[in-house]
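Trainee: Fold the following, please.
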Amino acid sequence: MKSSILDSISSPEDLKNLSFEELGPLCTEIRQTLIQTTAKSGGHLASNLGTVELTVALHRVFDCPQDQIVWDVGHQCYTHKLLTGRKDQFSTLRQEGGLSGFPKRKESVYDAFVAGHSSTSISVASGLARAKSLQHDNHHVIAVIGDGAFTSGLAFEGANNAARFRDNLIVILNDNKMSISKNVGSFSKYLSKIRSRPAYFKTKDTVESVFNHVPLVGKPIARMMLKTKNMLKTVVYGSNWFEDMGFYYLGPVDGHNLETLCDVLTRAKELHRPVFLHVETQKGKGYSFAEENPGEYHGTSGFDIDTGKSFVSGGTNFSNEFGLHLTELAKKDSRICAITAAMKYGTGLNYFSHAFKEEGRFYDVGIAEPHAVTFAGGLAANGMLPVFAVYSSFLQRCYDEIIHDLSIEEQHVVIGIDRAGIVGNDGETHQGLFDVAMLSNIPKITVYSPATYAEMRWALEQSLYAHTGVCCVRYPRGGEVSLPEGFDPNKDWSMIHPGKETVLVTYGRIASEVCKAAQMLAENGTEVSVLKINRILPFCEEVLAQIKDAKQILFVEEGMKNGGIGQILGEKLLEQGYQGRYQLLAIDDCFVSQATVARAIELSGLDAKSIVRFYEQKIKE
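Mentor: Numbers count the residues shown, from 1 in each chain. Got it, this is the predicted structure:
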C-alpha cells in the first residue's frame with residue numbers, strides 16, 4: 001500500500017504546505033520506507049532513522065537547492081533523497097545503475113557535494129558559503145555533521161576557519177552518542193530549551209533593537225548587557241568551544257521534535273552569520289532492533305524486518321580472521337598493540353579489544369586515521385609492535401604520515417589494509433583500488449596481498465617478525481577465494497604449470513579469476529603457467545627469473561594500472577631487455593561505480609571470461 005503523505009511529496013516545496021499534524025505521520029512513513037528498502041538492498045539504516053525529523057525540518061525551513069545541505073559522512077542522506085524527487089527510484093538504492101548510497105552531484109541538483117568519507121562537511125560548506133558571498137548570493141549553506149565525524153582533525157580545521165568569515169553558514173552537530181558539555185543538568189537543559197523558543201528570540205531582538213536606538217547611551221548599554229549575558233553563560237554552561245571559534249551557538253535541542261527544530265532552524269536562518277546548532281538524536285529511532293544495537297545497523301546487508309536477522313550467513317571473513325590471528329599472536333608477545341579508527345568491528349579488532357581490555361594495548365582513536373599512523377610511529381619508536389587496521393579507502397588519508405612519520409625513520413609498524421580491491425555497492429568513494437599505487441612509491445615498504453586465510457596469517461607473521469620498517473597486509477572484503485592446488489601459502493610467490501610459453505601473473509583475490517581463465521584457455525588448447533605473487537613489494541627479483549623466457553606474459557591486477565605492480569614488472573622486464581610480448585590488464589583511468597563485487601569485477605574486465613577475451617585480442621598470435 002502506498003504512503004499517502006510521502007506520495008504527495010515531489011520536491012521540498014511540498015513540505016511547506018503540510019501542517020505540523022501531517023509532518024508526524026510523514027516521518028513515520030519515511031521510516032517505514034527506509035526499513036523496507038534497506039531490508040532488501042542493504043545500506044546505512046540506523047543513522048538515517050535518527051535524522052528523519054531533522055531532514056524534514058531542514059527542507060521545510062530552507063529553500064533548496066538555492067540553500068545547500070552538505071551531509072557528513074553522507075550515509076544519513078536517505079530521507080533527503082526521498083524528499084527531493086527520488087522516491088520512485090529509491091528501491092534502486094546502492095544497486096548497479098541506481099541511486100547512490102551517498103550524496104552525488106551528478107545525481108541531483110539537491111546534492112551539494114559528495115561525501116563518502118567523513119569529516120569534510122564544515123570545510124566544504126565553508127567554501128560553498130564563501131563562494132555565495134563573493135557572488136552576492138544571500139542563501140545559506142548547512143553542514144550536518146555527526147559527533148563521530150567530529151573526532152577527525154579535518155572537522156576541527158574546518159571549524160577553526162569557517163567562522164572567520166561572516167557568511168550564511170550553519171553547522172549542525174547531529175549528536176547521537178557523545179556529550180559536548182559537562183554541564184548537562186536540569187537547569188542547563190532548561191535554559192537551552194528557553195533559548196530555542198521563538199518568544200525568547202523575539203524578546204531578545206526587541207530589547208536589543210530598543211537599546212540600539214536610544215540616543216547616546218543605548219548602544220553602550222546594549223554592549224554591556226551582551227557582555228553580562230556572555231559572562232553568565234560562561235558561568236552556567238562553562239566555556240563553549242564553538243562560540244570561541246566565532247559561531248553563534250544554539251542548543252542542544254531535541255532532534256525529534258519537529259516544531260522545536262523548525263523554530264530553531266528559522267532562528268539560525270534569520271541570524272545571517274555563522275551558527276552552530278547542537279541537535280540531539282537517537283540512532284536507529286523507530287526500529288527497535290536498530291535502537292537496541294545501532295552499531296549492527298550502521299551498515300547492513302539485507303535483513304528480515306520482523307526478526308532483524310541478516311539474510312547473509314554469519315560465516316567468517318578476512319577481517320575476522322585477521323583480528324583472531326592477531327589476538328593469538330598478541331597473547332604470546334606483549335609488544336603487540338592494535339589500533340583502529342572507529343572501526344573496531346569492521347576490521348575485526350573487537351576480538352583483540354576484548355582479550356586485552358585490561359592491559360591497555362588496544363586503541364580506538366576515533367575517525368582520525370592520520371593520528372593513528374603517527375601514534376603507531378610513536379609506539380614503535382619506544383619498542384612496541386603496533387598494528388593499525390584500516391579500510392583501504394580510508395588509508396588514503398594517511399599518505400603523508402606513512403612517509404614522514406614512519407618510512408623516513410624506518411619505524412616498524414604493521415598496517416592491515418582491509419577492503420582492498422573492489423568493495424561493491426558503496427561505489428566510487430569506498431573502492432580499495434588506490435593503496436598499491438599509493439604505497440609503491442614509498443622507499444623500503446613491504447606489502448603482502450594474500451588471497452586465502454592461510455596466506456594472510458603467514459603474511460601477518462612475516463610482517464611482524466621477518467621485516468623492519470613499514471609492513472602492510474592487504475586483503476579483500478568478504479571471504480577467501482578458491483584456488484587450485486599447487487600454490488604455496490608460505491612463500492613470497494609460487495607458480496602452477498611452470499615452463500609454458502604463456503604466463504599469467506597476478507596477486508590477491510583476483511588470482512581465482514586468473515586460474516579460471518587459465519583453465520578456460522587450456523580447454524581451448526592453450527596451456528599457460530600461472531604465477532601468483534604474495535609479497536608484492538618490494539618486487540621479488542626471483543619472479544623475473546621465472547618468467548623471463550616466456551614468449552607472452554599477461555599481468556592481471558585488481559587495482560589501478562598507473563603505479564601498480566604490473567607497471568613495475570613491465571619496467572623491470574624492459575630493463576632486462578625482454579623480447580617477448582607483455583600486456584597489463586588493470587583498472588585504467590576511471591573510478592569503479594557501485595554494483596555487486598562480482599558484477600563490478602566483470603564490468604572492470606577482470607573476470608575469467610574477460611581475461612580470456614583480453615588474451616585472445618592482445619596476446620594470442
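Trainee: Sort out which residues of the longest helix seen in the chain are buried, please.
Mentor: If each helix of the chain is counted by residues according to DSSP state H, the longest one is helix 20-41. When burial is assessed from 16 or more other C-beta atoms under 10 Å, helix 20-41 yields the following buried residues: 23, 26-27, 29-31, 33-35, 37-39, 41. C-beta coordinates here come from the backbone N, C-alpha and C atoms, glycine included.
Trainee: and what of stretch 316-332?
Mentor: 317-327, 329-330.
Trainee: Would you mind writing the CA trace of it as PDB?
Mentor: What follows is stretch 316-332, C-alpha atoms only, in PDB (Å, rounded to 0.1, in the frame of the first residue of the first chain):
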ATOM      1  CA  THR A 316      34.000 -15.900   8.800                       C
ATOM      2  CA  ASN A 317      35.800 -13.400   6.600                       C
ATOM      3  CA  PHE A 318      39.200 -11.800   6.200                       C
ATOM      4  CA  SER A 319      38.500  -9.100   8.800                       C
ATOM      5  CA  ASN A 320      37.600 -11.700  11.400                       C
ATOM      6  CA  GLU A 321      40.500 -14.000  10.600                       C
ATOM      7  CA  PHE A 322      42.900 -11.100  10.700                       C
ATOM      8  CA  GLY A 323      41.600 -10.000  14.100                       C
ATOM      9  CA  LEU A 324      41.600 -13.500  15.500                       C
ATOM     10  CA  HIS A 325      45.100 -14.300  14.400                       C
ATOM     11  CA  LEU A 326      46.500 -11.000  15.600                       C
ATOM     12  CA  THR A 327      44.900 -11.700  19.000                       C
ATOM     13  CA  GLU A 328      46.500 -15.100  19.200                       C
ATOM     14  CA  LEU A 329      49.900 -13.600  18.300                       C
ATOM     15  CA  ALA A 330      49.500 -10.900  20.900                       C
ATOM     16  CA  LYS A 331      48.900 -13.500  23.700                       C
ATOM     17  CA  LYS A 332      52.500 -14.600  23.100                       C
END
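Trainee: coming back round to it: which strands and helices lie in contact with the longest helix of the chain?
Mentor: Judged by 3 or more C-beta pairs under 8 Å, 6 or more residues apart in numbering; DSSP states H and E, helix 20-41 is in contact with helix 46-49, helix 52-61, helix 78-81, helix 258-271.
Trainee: Please identify which of these is closest to Gly416.
Mentor: With C-beta to C-beta as the measure, helix 46-49 is the member of the helices and strands packed on helix 20-41 nearest Gly416 (25.3 Å).
Trainee: Could you list every helix and strand in contact with the closest one?
Mentor: Checked by 3+ C-beta pairs under 8 Å, 6+ apart, helix 46-49 has helix 20-41 packed alongside it.
Trainee: how about the helices in the stretch 151-300 of the chain?
Mentor: 153-162, 186-195, 198-212, 218-237, 241-244, 258-271, 288-292 (DSSP state H, counting those that start in this stretch).
Trainee: Quick check: what element follows the longest strand along the chain along the chain?
Mentor: Ranked by residue count, the top strand of the chain under DSSP state E comes out as strand 552-560. Downstream of strand 552-560, the next assigned helix or strand under DSSP states H and E is helix 565-575.
Trainee: buried sites along that next one?
Mentor: Ile565, Gly566, Gln567, Ile568, Leu569, Gly570, Leu573.
Trainee: Which residue, other than its chain neighbours, is closest to the last one?
Mentor: What it means is Leu573. Excluding the flanking residues, the one nearest Leu573 by C-beta to C-beta, 6 or more residues apart in numbering is Tyr582, at 5.7 Å.
Trainee: Tell me if the one you found really is in a helix.
Mentor: No. Checked against DSSP: H, G, I helix; E, B strand; the rest coil, Tyr582 lies outside a helix; its state is strand.
Trainee: where does it sit relative to Val556, distance-wise?
Mentor: Noted for Tyr582: a distance of 12 Å to Val556, by C-beta to C-beta, to the nearest Å.
Trainee: Pick out whichever of those two has more residues nearby.
Mentor: Val556 (26 against 19; other C-beta atoms under 10 Å).
Trainee: For the stretch 351-500 of the chain, which segments count as helices?
Mentor: Using DSSP H, counting those that start in this stretch, helices in the stretch 351-500 of the chain cover 369-381, 392-395, 399-401, 435-439, 453-465.
Trainee: buried sites along the last one?
Mentor: So that's helix 453-465. By neighbour count on 16+ other C-beta under 10 Å, the buried set for helix 453-465 is Tyr453, Glu455, Met456, Arg457, Trp458, Ala459, Leu460, Gln462, Ser463, Leu464.
Trainee: list the contacts for the fourth one?
Mentor: The one in question is Arg457. Glu321, His325 (C-beta atoms under 8 Å, 6 or more residues apart in numbering).
Trainee: Model confidence for it, exactly?
Mentor: Arg457 carries a pLDDT value of 98.
Trainee: where's it relative to Ser463, distance?
Mentor: Distance of Arg457 to Ser463, given as C-beta to C-beta: 11 Å.
Trainee: go on, the first one?
Mentor: When C-beta to C-beta is the yardstick, Tyr453 and Ser463 sit 15 Å from each other.
Trainee: same deal with the second one?
Mentor: Noted for Glu455: a distance of 12 Å to Ser463, by C-beta to C-beta.
Trainee: follow-up on the earlier one: Asn168: which of the helices and strands packed on helix 20-41 is closest?
Mentor: helix 258-271 (8.2 Å).
Trainee: quick one: average confidence on that closest one?
Mentor: 96.
Trainee: And stretch 117-127, by the same measure?
Mentor: 92.
Trainee: Could you do stretch 16-30 as well?
Mentor: 94.
Trainee: residue ranges with poor pLDDT in the protein?
Mentor: 1-3, 177-239, 313-314, 621 (pLDDT under 70).
Trainee: OK, contacts around the residue most central in space within it?
Mentor: By C-alpha atoms, centre = their mean, the chain has its centre lying nearest to His117, at 3.9 Å. Listed by C-beta under 8 Å, 6+ apart, the contact set of His117 reads Val73, Ser393, Phe394, Arg397, Thr429.
Trainee: how about TSV for those, with distance to Thr502 and neighbour count added?
Mentor: TSV is the format used below for the contacts of His117 (distance: C-beta to C-beta, whole Å; neighbours: other C-beta atoms under 10 Å):
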residue	distance to Thr502	neighbour count
Val73	46	23
Ser393	34	23
Phe394	38	21
Arg397	40	22
Thr429	37	19
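Trainee: For Pro12, state which of these is nearest.
Mentor: Distances from Pro12 to the contacts of His117, taken by C-beta to C-beta, are shortest for Val73, at 21.9 Å.
Trainee: from what I can see that closest one touches Pro103, true?
Mentor: No. Between Val73 and Pro103 there is no contact under C-beta atoms under 8 Å: 9.8 Å.
Trainee: what touches both of the two?
Mentor: Ala115.
Trainee: hmm, back to that, of the helices of the stretch 351-500 of the chain, which is nearest Leu15?
Mentor: helix 392-395 (34.4 Å).
Trainee: tell me the domain ranges of this protein?
Mentor: As given by automatic domain parsing, the domain ranges for the chain are 6-181+240-289, 182-239, 318-474, 493-618.
Trainee: and of these, who's closest to Gly308?
Mentor: Smallest distance to Gly308 across the domains of the chain (C-beta to C-beta): 3.3 Å, for domain 6-181+240-289.
Trainee: And that closest one, end to end?
Mentor: For domain 6-181+240-289, the first-to-last residue distance is 24 Å (C-alpha to C-alpha, to the nearest Å).
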